[in-house]
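using only what follows, build the 3D model:
(2 chains)
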Amino acid sequence: MSVADFKEDCFQLPQNLTVRAIGTVRQEMLQLIDNNKSTTIAIASDCQVDISFVQLMEAARIYAGSAGKNIALAEPANGPVLDVLKRSGFLEGMSSDDAKFWLHQGGIQ
Amino acid sequence: MSFPDPIAVFRTEAAELLEQIEAGLLDLNVNLGDKDQIDAVFRGLHTLKGSGAMFGFEALAAFTHHCETAFDRVRKGEVPATQALVTAVLEAKDHMRALVETPAGDHEATSEALLANLRAAVDGAKSPGVHQAADVPAQTLFKIRFSLPQNAMANGTNPLPLLDELRELGECTIVADRSAIPSLDLLSPTDLHISWNVELLTSQPRSAIEDVFIFVMDDMQLEITAVQAATAAAKSPERQETPIQAAEPVAAEPVAVSAPRVPAPVTAAPAPTDAKASKASENVRVPAEKLDELMDRVGELVIAQSRLSQLAGGSGDLQLRAVSEDVERLSGELRDTMMVLRMVPVTQLFGRFRRLVHDLSHETGKVIELVTEGESTEVDKSVIERLADPLVHLVRNSCDHGLETPDERRAAGKPPAGRIMLSARQQAGEVIITIKDDGRGINRERVRAKAEASGLVQPNATLSDQELYQLIFQPGFSTAQQVTNLSGRGVGMDVVKRTIDALRGTINVISHPGEGSEISLAIPLTLAIIDGLLVRVGAGRYVIPLSAVEECLELSIEEDMRSRGRSFISLRDSLVPFLRLRDLFRTGTKPDPFQKVVVISTGSERVGLVVDQIIGDHQTVIKAMSKLHHDVATFSGATILGDGDVALILDVGHLVAEGQQQEAHLRAAG
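Next comes the predicted model:
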């Protein structure tokens, strides 16, 4: 199974989204953005996640934006991803764009 | 270049934290109201928990959390510190060590039992009453900006527990700074590009914030600015409405500031800080094995320098001689610097006995007071490590057999609390460690009876007190009527003897019935390089440790002939026995016409060593004797000379004892 499986119209990320596996996730994410005009990411609610994933997603947003492409989460961040966002201080200084992307506040990006 | 394993670094740091916690608990046990110690223990537990979580020691973090909570309650005055609580946390501390060393082990049952003890100790403590609002310490608003090293995540550091720890210190606003995150195509995903801005309102000192980062401090960037101070009482509803960000101005150090909406200007309390934190950057932690490696290199350099000196001495080249002298001076200085680096104060060694005595006091039901002296005395680190076991045996023995029970002591007209004194001092190239108790003393008759029964001495043999007391160090020798789980099997004391012998040390025992006993261990300050006096006996060359040399005399043929059969020289009105090393080593050579006597001493005992020639001083890199020569008591080691030859190093303690013995026999023979 590749790191990102195509499932309906979004890409399901693997369970392990920690620093141990983040290199592979980056490669797959690059390919997805390069090959698609719009990329929707699905994250398992019981995934393992750490700050490296949040950083990766932020880097992916910058990359997609500079290439005129779109990237979004299939669902607002919840479970372990939301927990990491809270603990790492990402929620505190969120812009409206950030809130749209991560929390789907104000409509899906 | 290799980087240290972060887990190994954590384990080292955790061991130090555990020692600090233990020391704090033992101090607290003496003075249960000591707020500084309560704070110190709390901070130690807090740091251990936070860093444990950061490095993946989840069980340690979870377990320590309970102890930290208990101490937090003590700190806040919700429960008083009691001896039961201190004992419970001391036991818990031992378990924390196990959780650090074997995190994957099955610790659940022990954890639960210890936590039940802890709960009982906390519940058993009576509440001192409701807290006064005025007791709540002043709070300081800190602005903190930090970024971890770029490779932090790759090295196993998870920033989230650090942030959690900051939150636990007080009211906290944490904002991630993402401005340095590059585009995905440029991202090295295991590098950390996020930094953080934190505002923290806390009653904790600046050092508590620094403690959060203790394991990453060396490589990270950390700015902590105390912005304003306010007491909790001043934190009125209006104050709470004030956004923390509104505080201004930002000052590098505490200054008088006006906080918005606070009626009167509030003078910033000095942000609590300690000297340790400010000095942290002046110290470098170096693994012990690197020091050993460096010591080996210095040893090799000293040998090479010795060779160069010899070559230069034999050559007429003045320039070569000048260079050789420079190298000699520099290598000597390097050696001295190296020695200082390896020296550590015995306080590290003595510290662990406070816990031992605390536990033994509980086990034996005796009241024992431990007094230490000379803790700043410095000894080579390898000596310290090897002294630990013998001292444990001696302290256990004193507690178990030396000191009486409180009733026995009262009956003997002594105070009920027994006293053990551990002291250290330097004396002529040696460190003297003394263990002294005010107990019942060694029972001379019982030692003698036991020695005779075991065939160690003949029934009619005349033995000095010192000779008799030395028998307690024989394997299997014990006069204890009862074997306890502490001592009495006669196993420990021979370990003491063997270890001290291996360290080229000596043991001296003094005992007075009813008053106590004193055991002194005399150990060389270093085991690596010594200044030696190189002498020749027959065709062989030998090294005498210079620290033991008192003086050198000439022994004329006439005086030698005159002293035959007596082997004494008269030295400033006192007779000093001497040993003819030529005879002792059976060289089979004729004596030189002008022999020399090197007078050596250990403490008050002196003996002369007759040699054929004194060659001069020599920096001696000590090499251990092979296992084959382990039992040769006359020599403590060997060294390589400049010309590649091997010289044996004389064991001063053994030779002095032999000389004194010879004197005693001659006196006895009249």
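
for chain A, what is the nearest residue in the stretch 1-150 of chain B?
residue B:148 (10.1 Å; C-beta to the nearest C-beta). Yep, even glycine has a C-beta here, placed from its N, CA and C like the rest.

contacting residues for that residue?
By C-beta atoms under 8 Å, 6 or more residues apart in numbering or on different chains, the contact list for residue B:148 reads B:157, B:159, B:162, B:192, B:195, B:216, B:219, B:220.

residue contacts, residue A:88?
Here residue A:88 is in contact with A:51, A:54, B:159, B:160, B:163, B:174, B:176, B:194 (C-beta under 8 Å, 6+ apart).

out of those residues, list just those in helices.
Among the contacts of residue A:88, DSSP state H puts A:51, A:54, B:159, B:160, B:163 in helices.

residues of chain A that sit close to chain B?
Residues of chain A found near chain B (C-beta under 8 Å from any C-beta of the partner chain) are A:19, A:22-23, A:25-26, A:29-30, A:33, A:50-52, A:55-56, A:58-60, A:62-64, A:66, A:84, A:87-90, A:92-93.

would you mind writing the PyMOL command to select the buried ones in the ones in helices among the contacts of residue A:88?
The buried residues among the ones in helices among the contacts of residue A:88 can be selected in PyMOL (16 or more other C-beta atoms under 10 Å in any protein chain shown) with this line:
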select buried, (chain A and resi 51+54) or (chain B and resi 159+160+163)
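
of all the ones in helices among the contacts of residue A:88, which two lie farthest apart?
Using C-beta to C-beta, those reach their maximum pairwise distance at A:54 and B:163, which is 12.6 Å.

take the contacts of residue A:88 and write them to JSON lines, including distance to residue B:474 and pLDDT.
As requested, the contacts of residue A:88 are exported to JSON lines (distance: C-beta to C-beta, whole Å; pLDDT from 0 to 100):
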{"residue": "A:51", "distance to residue B:474": "63", "pLDDT": "94"}
{"residue": "A:54", "distance to residue B:474": "69", "pLDDT": "95"}
{"residue": "B:159", "distance to residue B:474": "60", "pLDDT": "90"}
{"residue": "B:160", "distance to residue B:474": "60", "pLDDT": "91"}
{"residue": "B:163", "distance to residue B:474": "61", "pLDDT": "92"}
{"residue": "B:174", "distance to residue B:474": "66", "pLDDT": "93"}
{"residue": "B:176", "distance to residue B:474": "69", "pLDDT": "94"}
{"residue": "B:194", "distance to residue B:474": "67", "pLDDT": "95"}
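
and of the residues you listed, the nearest to residue B:508?
Lowest distance from residue B:508 to the contacts of residue A:88 (C-beta to C-beta) belongs to residue B:159, with 56.9 Å.

how about the contacts made by that closest one?
Applying C-beta under 8 Å, 6+ apart, we find residue B:159 in contact with A:51, A:88, B:148, B:152, B:153, B:192, B:194, B:196.

check the burial of the closest residue in space to residue B:375 that isn't next to it in sequence by counting its neighbours.
Excluding the flanking residues, the one nearest residue B:375 by C-beta to C-beta, 6 or more residues apart in numbering or on different chains is residue B:347, at 3.8 Å. Around residue B:347 there are 15 other residues, counting by other C-beta atoms under 10 Å in any protein chain shown.

show me what the helix or strand residue B:467 falls within is packed up against.
Per DSSP states H and E: residue B:467 is located in helix B:465-470. Other elements packing on helix B:465-470 under the criterion 3 or more C-beta pairs under 8 Å, 6 or more residues apart in numbering or on different chains; DSSP states H and E are helix B:444-453, strand B:506-512.

can you redo the ones you listed as JSON lines with distance to chain A and mean neighbour count?
What follows is those, written out as JSON lines (distance: least, C-beta to the nearest C-beta, whole Å; neighbours: other C-beta atoms under 10 Å in any protein chain shown):
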{"stretch": "helix B:444-453", "distance to chain A": "64", "mean neighbour count": "16"}
{"stretch": "strand B:506-512", "distance to chain A": "56", "mean neighbour count": "18"}
